[in-house]
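1. Predicted structure and sequence below. I'll ask about it afterward.
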Amino acid sequence: MSVRGEKEYRGLNEIVGPLVFIKNIHDVGYNELVEVIDEEGHRRLGITLEVEKGAAVVQVFEGTANLGLKSSRLIFKERPLDLGVSEEMLGRIFDGLGRPQDGFGLGKEEERRDVSGLAINPTARTYPEKFIQTGISAIDVMNTLVRGQKLPIFSGAGLPHDRLAAQIVRQAKIVDEDSNFCVVFAAMGIKYDTARFFIDNFRQSGVLERVAIFLSLADAPSIERLATPRSALTLAEFLAFRKNYHVLVIMTDMSNYCEALREVSTLRGEVPARKGYPGYLYSDLASLYERAGLVASATGSITQLPILTMPNDDITHPVPDLTGYITEGQIVLERELAQKGVYPPIAGLPSLSRLMKDNVGEGKTRSDHPHLASQLFAAYSQTKDVRALASVIGE
Amino acid sequence: MELNIVGRVRRVSGPVVECYQMQAAKMFELVEVGNERLIGEVVHLEEDRAVIQVYEDTTSLRPDAVVYGSGMPLSVELGPGLVSTIYDGVQRPLDLIREKEGEYIKRGVHFPALVRKKKWHFIPEVSCGKRVRGGEIIGRVPETGLVEHRILVPPQVEGEVVKIVSEGDYTLDDTIAVLKEENREIPLFMFQRWPVRIRRPYRQRLALKYPLITGQRVIDILFPVAKGGCVAVPGGFGTGKTMIQHQLAKWSDADIVVFIGCGERGNEMTDVLMSFPKLIDPRSGRPLTERTVFIANTSNMPVAAREASIYTGITIAEYFRDMGYNVAVMADSTSRWAEALRELSGRMEEMPADEGFPAYLPTRLAEFYERAGMVKTLSGREASVTIIGSVSPPGGDFSEPVTQHTKRFIRTFWALDRDLANARHYPSISWMESYSEYIADIAAWYAENISKEWLDYRNSIMELMQKEARLQSVVKLVGPDVLPDTQKLILETALLFKTAFLQQNAFDKIDTYTPALKQFKMLKIIVEFYRRGLEAIRAGVPLVFLKKIAAYRKITRMKFSVANEDLGRLDEIYEEMKEEIKELAE
């Protein structure tokens, strides 16, 4: 990347929420990194959301509290938002922009990567075909998880999605293979307790030194959540496709991410699509989820396990809906089962793994697996019908 | 290509770039923007101002960057080399990009769509002195084992052939013929260019009369599509839209398939690319890739190129149609295309209509679907383009704008049903909500080629399924026990029809494709089971006995157990069933 130098300007024209408008500037690129410096010299990071001849809109990740119009300075860095990555980032804790939060220094970076990533060429991908054994029967038998898949957990407030995700991390393995396994954990707008739960779990199962954690908790500026999954996935891509790790990426909670996106979109006065979410929500989510997979040039892989809580348990809400259209299936948790004390409360019918079809059966799991699974589905579905009937005409 | 500076950038907002000093630009002109020479298209002109939609990521693009004009509209290259190739939405060859750039698609990569160096074997079909007109065939090139590429005179060109090369190997840059018209010499090559947003001309539109045989029973029997027709496949996520598209791309009896992966998953495209070379066309015994053109603009690739991908695909389809082929276009998914339109419209700050979609959405949909049809080509051949477009309605709700507007321009509707999909009943095409308006058009073909009884049996089973739906609403209230055996037989036959006929396993070697004749024979057995069973019940035979006949079990398994080449077995099952029911009645 060429360093063309930086440009510094003093004084802003307008501040709205996390957005800063500046005029009388010159030659600033779209989607490039900006440092915003307040009166006391604190530095914050942002990117240009829109550039015009002589003007720009900057989105400030750490919020705009304490920024003054006259006293603030902007430094345009002339490069996109990027992240220095290295293998040593495993076992460490970072904020949403990849700055260490565990009191230690930055460490030596092996490479700098644009956090937006690039689209993987479809001809360079390899089709996922290694079954991951999670030890959870409702997943292994009915909704098989495959290495390189993106399989979200659709949950609701109060359901044990965290416990399920932690259990998958603890137990997931490929049968007959001792692999180079690691976890990248991205927390967006979740509570401290939830993050603590995951970290404790990683520690107890002895994988903590193989986990890189990107935390942007509920009390951090909401706008930082837009960078968090991108930083996490940038490291994941480096580990998977340069260092040949099998990376499991957990992103929680995607609903919070989407809300931050809606916030910025509304402040910019964009035309909304459904429920106030911007029209590009699908493309934006795809730019994250599609970073999962395998490529022919490396032996590593990225498997994604995003978690999202469906507002009011509504699966037709734009966030789960658009997610379902991009991901390769979904694990849906059901409140009724949870209330009956069933764990894991995985809903039988709406849960689906799209990659299951090619990855079970003879030579993969067991030869009778596909038939058994479809019979179970048919039986379950019939039982549901009968139960519906019974609720009308009695048992 | 010579490019001149035509203007400069004023504003950048994602893929939408506003420029000034653009007096020389034309609407829909192909332009290149900035130092990285990003590809874009002019979509709005106003005084010296132009709006350009850029087909690549615009990160780091800055005001005052230079815009280069090409003087021509966004076009595709049409010639030998299209088949088996995988392109992005603006016809850049993805496999060549990968060879040069590695696993990621970087910006500002320029490749001609057709490889110039490769030699093709050209066989001339005309000789000097002949007058030829646009669309006429002047030669042919064996492109793959399945496709003979017919070299056409570009539509607007005509003249006397004054030079034509002899049979031999030539590259795309070689002049293969020269036409003379009013003292002007026009060199012809094996390839031509055509602007994607303009439909290619034909002599006249024809009435539709041939079915597109897909080998999928629920489609061919209940909701068929004619060659030259349009289908919409709407369904929420997980209902199997993509599976249906894949099955049709694999098994439909089109000569050429153009598969457009528009804003969908990367792994799905990989699946297609990896599985198609291994699949064998049941009619010719050759790999299916040899008749397929792939366009992949996955969901994470630039959104403006997603908008263009639909047009790139349909233009390639029309070109093969002009050679006299029947072409099927699979567009998965048109909703993602409509969303790309919405995103670009929003960034241009246009006034939105329904759910943020621009007011011209229905116009664009109509323009697209009207490019399907059965035509007489400029060279006088009968040929067709069939469009199968999937729709991804938010929340699976068919009342949303894209589904509703699409319904106005298509005549077959395969509504995918969430409950069927949840019960893993695939293909999950709902027999209550779907329809086909092509049945009258193609019934004559079936009467002539399959059986005169085809329409009768088809209508009988539809009627039976309607009756079943009514009975089910009664059953929901009072349970099935109160129904008389004649009505229970309807329920039983409908269940048999659903499991033994409508459900079709795409992963079973035999079941994945059912020839039209086998479909008819299976249908006949099931309808006759009902008709004869009804007579028997009226003669006093209890329903339980009917289900116990030995043929019943064979009927339930006939889709897997009877090989597609061994249809005599179905006649045996039919006779056996007839006999057994007759014995019961006696």
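-> Great, that's in hand.
2. going forward, measure contacts and count neighbours with C-alpha atoms only.
-> Fine.
3. Could you say which helix or strand holds the residue sitting nearest the centre point of chain A?
-> Residue closest to the mean C-alpha point of chain A, counted by C-alpha atoms, centre = their mean, is residue A:251 at 3.7 Å. Assigned by DSSP states H and E, residue A:251 belongs to strand A:246-252.
4. Any chance you could list what contacts that strand?
-> Under the contact criterion C-alpha atoms under 8 Å, 6 or more residues apart in numbering or on different chains, strand A:246-252 has outside partners A:165, A:169, A:179-188, A:190, A:229, A:232-233, A:236, A:239-240, A:300-308.
5. Among those, which are located in strands?
-> Residues of the contacts of strand A:246-252 located in strands (DSSP state E): A:181-188, A:301-308.
6. So what's the gap between stretch B:116-129 and the chain middle?
-> Mean-position distance between stretch B:116-129 and its chain equals 30 Å (C-alpha atoms, centre = their mean, to the nearest Å).
7. hmm, who's touching that stretch?
-> B:80, B:137-143, B:160-173.
8. contacting residues around the closest residue to chain B within the stretch 201-350 of chain A?
-> Residue of the stretch 201-350 of chain A nearest chain B, by C-alpha to the nearest C-alpha: residue A:316 (4.2 Å). By C-alpha under 8 Å, 6+ apart, the contact set of residue A:316 is B:394, B:395, B:396.
9. same check, this time on residue B:390
-> Going by C-alpha under 8 Å, 6+ apart, residue B:390 touches B:232-235, B:241-242, B:245, B:330-335.
10. tell me which parts of the stretch 251-400 of chain B are close to chain A?
-> Proximity of the stretch 251-400 of chain B to chain A (C-alpha under 8 Å from any C-alpha of the partner chain) is limited to residues B:264-267, B:269-271, B:273-274, B:296, B:298-301, B:303, B:339, B:342-343, B:346-347, B:349, B:352, B:355-357, B:392, B:394-396.
11. Kindly write the ChimeraX command that selects the buried subset of the residues you listed.
-> Of those, the buried ones go into a single ChimeraX selection, burial set by 16 or more other C-alpha atoms under 10 Å in any protein chain shown:
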select /B:264,265,266,267,269,270,271,273,274,296,298,299,300,301,303,339,342,343,346,347,352,355,356,357,392,394,395,396
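12. Can you flag which of the residues of the stretch 251-400 of chain B next to chain A belong to helices?
-> Residues of these located in helices (DSSP state H): B:266-267, B:269-271, B:273-274, B:303, B:339, B:342-343, B:346-347.
13. Turn the residues you listed into TSV, including pLDDT and distance to residue B:311.
-> TSV is the format used below for these (pLDDT from 0 to 100; distance: C-alpha to C-alpha, whole Å):
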residue	pLDDT	distance to residue B:311
B:266	90	20
B:267	90	23
B:269	88	19
B:270	90	22
B:271	88	23
B:273	87	21
B:274	86	25
B:303	88	14
B:339	90	15
B:342	90	17
B:343	87	18
B:346	85	21
B:347	82	21
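14. now what about the helix or strand that the strand holding residue A:251 is followed by, what contacts it?
-> Downstream of strand A:246-252, the first helix or strand assigned by DSSP H and E is helix A:254-267. Applying C-alpha under 8 Å, 6+ apart, the set of residues contacting helix A:254-267 from outside is A:16-19, A:188-190, A:222-223, A:225-226, A:272, A:276-278, A:281, A:306-310, A:319.
15. one more time with 6 Å, if that's ok
-> Residues from elsewhere that reach helix A:254-267 (C-alpha atoms under 6 Å, 6 or more residues apart in numbering or on different chains): A:189, A:222, A:223, A:225, A:277, A:308.
16. State the pLDDT value of the fourth one.
-> What the model reports as pLDDT for residue A:225 is 92.
17. Return the backbone torsion pair for it.
-> Phi and psi for residue A:225, reported as degrees, to the nearest 10, are phi -60, psi -20.
18. give me every residue that touches it.
-> So residue A:225 contacts A:188, A:257 (C-alpha under 6 Å, 6+ apart).
19. List the buried residues for the host helix or strand of residue B:329?
-> Under the criterion of DSSP H and E, residue B:329 resides in strand B:326-332. Applying a neighbour-count criterion of 16+ other C-alpha under 10 Å, one finds B:326, B:327, B:328, B:329, B:330, B:331, B:332 buried in strand B:326-332.
20. Doesn't residue B:11 belong to a helix?
-> No. Going by DSSP: H, G, I helix; E, B strand; the rest coil, the assignment for residue B:11 is strand, not a helix.
21. how far away is it from chain A?
-> Distance check for residue B:11 against chain A: by C-alpha to the nearest C-alpha, to the nearest Å, it reads 4 Å.
22. Please verify my assumption that residue B:436 contacts residue B:222.
-> No. Using C-alpha atoms under 6 Å, residue B:436 makes no contact with residue B:222, being 7.9 Å away.
23. Many thanks, have a good one.
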